[in-house]
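Novice: Fold the following for me, if possible:
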Amino acid sequence: QVQLAESGGGLVQAGGSVRLSCAASGRTFSMYGLGWFRQAPGKEREFVAASSWSGGSTAYRDSVKGRFTISADNAKGTVYLQMNSLRPEDTAVYYCAATRKRLPSSTDEYDYWGQGTQVTVSS
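Specialist: The predicted structure is shown next:
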């Protein structure tokens with residue numbers, strides 16, 4: 001089992017920044033890496049970014065490239081999502097998830113999920 005806990009969400013103005021954290025515990029050694037997803041009201045959950053535990057491999061959805069940065073601190077068992085230049089369309093509940101596979105973008109390929117943290121970007 002792997003437990004995930006997100007933190008760092010909140011309300012921010014457009015153009016601002018937020019850093020999300022995902023603390024992992026349990027059998028994290030069995031996981032290849034962590035990903036971040038988001039879900040806006042009335043929309044499907046979508047892939048945002050993912051990182052291997054080493055931080056050597058990362059992946060991003062196109063709309064966040066150049067604005068969001070994912071990083072991993074293996075010693076702390078924590079993955080971060082630094083979000084800059086935020087837009088109102090980034091408003092969503094953000095979830096972290098753990099996977100055994102090499103940075104997939106499909107929710108079906110993630111085994112464990114956190115409870116989510118709300119990020120609201122005002123215009």
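Novice: does Ala50 really touch Gly35, like I thought?
Specialist: Yes: shown here, Ala50 and Gly35 form a contact pair, counting by Cβ atoms under 8 Å, at 3.6 Å. All C-beta atoms are positioned from the backbone trio N, CA, C, and that covers glycine.
Novice: and for the two, which residues touch both?
Specialist: Taking Cβ atoms under 8 Å, 6 or more residues apart in numbering as the criterion, Ala50 and Gly35 both touch Thr99, Leu103, Pro104, Ser105.
Novice: For the first one, which residues are in contact?
Specialist: It refers to Thr99. Met31, Tyr32, Gly33, Leu34, Gly35, Ala50, Glu109, Tyr110, Asp111.
Novice: per-residue confidence at it?
Specialist: Predicted confidence (pLDDT) for Thr99: 96.
Novice: What's opposite it in the beta bridge?
Specialist: With beta bridges defined as DSSP bridges, Thr99 has these partners: Gly33.
Novice: how far away is it from Gly16?
Specialist: Thr99 is 30 Å from Gly16, where distance means Cβ to Cβ, to the nearest Å.
Novice: Find the centremost residue of the chain, please.
Specialist: Nearest to the geometric centre of the chain sits Trp36, at 2.2 Å (Cα atoms, centre = their mean).
Novice: Leaving out the residues flanking it, which one is nearest to it?
Specialist: Spatially, and ignoring its direct neighbours in sequence, Trp36 is nearest to Val48 (4.3 Å; Cβ to Cβ, 6 or more residues apart in numbering).
Novice: Tell me if I am right that that neighbour is in a helix.
Specialist: No: remark: Val48 does not belong to a helix; assigned using DSSP: H, G, I helix; E, B strand; the rest coil, it is strand.
Novice: Phi first, then psi, for Pro88.
Specialist: Main-chain dihedrals, Pro88, degrees, to the nearest 10: phi -60, psi -30.
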